[in-house]
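Student: after the sequence you'll find the predicted model.
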Amino acid sequence: MPKKQPTKRQPRYLDQTSTQTLEEGLKEYYAANPHVTLPSTQPTEFGNILAALDALHVIYACDTGMYDELRLLPMSWWTSECTFKKYLSMKNSPAVDQMYDDMIREKGSLWLYRSVLKVMPRLVPTVVSLWFKTRDRKKQLPFFGYTQLLDQSLLKIRQDFDLLPLI
């Protein structure tokens, strides 16, 4: 997949070489995505999960479209402390169930399935490539500990955790 370079309309955090801090990237992420549920509006446990996932969106230079949403999951499982097992335990939450129910009620299950199927031809080769690039990783990006990185530049975070070949 070609490397993303920012355009005038794209947020700077989508640029793989962005030198803005994670905190600045998160502010930009929320400004660029007003449809995203703010973690501060949710119960604490669920809000913490949302905040950590939003930080991953910024660190991994992912937008909120279906392709990047589905790409973000395996990237986080294989490069962060949010393993598949931890993801499953977080997913078993009434708040998460409510979020999915709300999305399906708002957009419909047909929309969801169609959106997933539409990106699959492009997504599968990307996920396979990610798996080969990440299968022997030792250094994991903090998940709930992302706050310790807020004042660091996105470029430094991406370099320190060897994420640039994946973005």
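Tutor: All right, it came through fine.
Student: for the longest helix seen in the chain, packing partners?
Tutor: When the chain is scanned for its longest helix (criterion: DSSP state H), the result is helix 109-134. Judged by 3 or more Cβ pairs under 8 Å, 6 or more residues apart in numbering; DSSP states H and E, helix 109-134 is in contact with helix 66-79. Yep, even glycine has a C-beta here, placed from its N, CA and C like the rest.
Student: residues in contact with the helix it packs on?
Tutor: Helix 66-79 has contacts (Cβ atoms under 8 Å, 6 or more residues apart in numbering) with 53, 56-57, 60, 62, 82-84, 87, 115-116, 118-119, 122-123, 126-127, 130-131, 134-135, 137, 140-141, 143, 161, 163, 166.
Student: just the buried ones from these, in ChimeraX syntax?
Tutor: Typed into ChimeraX, the line below selects the buried ones among the contacts of helix 66-79, using 16 or more other Cβ atoms under 10 Å:
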select :53,56,57,60,62,82,87,119,123,126,130,134,141,143,161,163,166
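Student: from residue 32, how far out is the residue nearest to the spatial centre of the chain?
Tutor: Taking Cα atoms, centre = their mean as the criterion, residue 57 is the residue nearest the geometric centre of the chain, at 3.1 Å. Residue 57 sits 10 Å away from residue 32, going by Cβ to Cβ, to the nearest Å.
Student: got it, and residue 134?
Tutor: Separation of residue 134 from residue 32 (Cβ to Cβ): 27 Å.
Student: same question for residue 52.
Tutor: Plainly put, residue 52 is 19 Å away from residue 32 if you go by Cβ to Cβ.
Student: quick one, which of those two is more surrounded?
Tutor: residue 52 (21 against 16; other Cβ atoms under 10 Å).
Student: who touches the more buried one in this structure?
Tutor: Residue 52 touches 82, 143, 144, 146, counting by Cβ under 8 Å, 6+ apart.
Student: return the closest of the residues you listed with respect to residue 16.
Tutor: Distance to residue 16 across the contacts of residue 52 (Cβ to Cβ) is lowest for residue 146, with 18.2 Å.
Student: show me the contacts for that closest one.
Tutor: Contact analysis of residue 146 by Cβ under 8 Å, 6+ apart lists 22, 51, 52, 55, 56, 59.
Student: check which helix or strand covers the third one.
Tutor: Counting by DSSP states H and E, the element that carries residue 52 is helix 44-59.
Student: cool, thanks, talk later.
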